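**Student:** Mind folding the following:
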Amino acid sequence: MSFHHEGIEIMSSIDKYRHELLGYIECDSAYDIVCESDAVKYVALYRLQETIPHDEYDFDGVSGDILLGGGSGEAPAFRLSMPDTLNFFFKDDWQPCGSVDEVFKAFWSPTESFKLCSGFLKYGWNPDRDIEYWLAENISALLVERQEYKSLFDVKANSDLVFVDVLSNK
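**Tutor:** Okay, the predicted model is just below:
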């Protein structure tokens, strides 16, 4: 995915790697969330199809991980390690081996976070909740709702997020 800014085409960092576009999460922010474009109100949701090299600074991850946003040239990225993030929320006895950054991690600046949070307020997030935790929980619920991980988790899940499927536009 690429965007134009002042006549210059800006390629998203995600485009350097094999990935699958799952759809979009609505984020009706009052501020620009994608490359200084106040018209964009959706953030792409991707599944990585390769491991990201250590020299990438916009995000990290391994094949199978989920990214919200595509880094430079797009919305800032938020990585969910799979299936660890789902285990974190849906298996009562599961504990991460290290820090929570190994389970899910944001790659945004405070300003970018502020802009995204402005939009996510409209979908149930509130400033008393950690935005990364809230997003990880809601994206996980969304993936289970959509039966992306039905074989691993036979649970009922409800997400506050509005998802736009790439195939059906619903």
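
**Student:** So which bits of the lengthiest helix in the chain are buried?
**Tutor:** When the chain is parsed with DSSP state H, its longest helix is helix 131-145. Residues 131-132, 134-144 are the ones in helix 131-145 that count as buried (16 or more other C-beta atoms under 10 Å). Using the backbone N, CA and C atoms, a C-beta is placed for each residue, glycine as well.

**Student:** same check, this time on stretch 59-76
**Tutor:** For stretch 59-76, a neighbour-count test (16+ other C-beta under 10 Å) marks 59-61, 65-76 as buried.

**Student:** What of stretch 17-27?
**Tutor:** Using 16+ other C-beta under 10 Å as the test for burial, stretch 17-27 gives 17, 19, 22, 23, 24, 25, 27.

**Student:** ok, what's across the strand from the second one?
**Tutor:** Right, residue 19. With DSSP bridges as the criterion, residue 19 is bridged to residue 48.

**Student:** was I right about it contacting residue 44?
**Tutor:** No - counting by C-beta atoms under 8 Å, residue 19 does not reach residue 44; the two are 9.4 Å apart.
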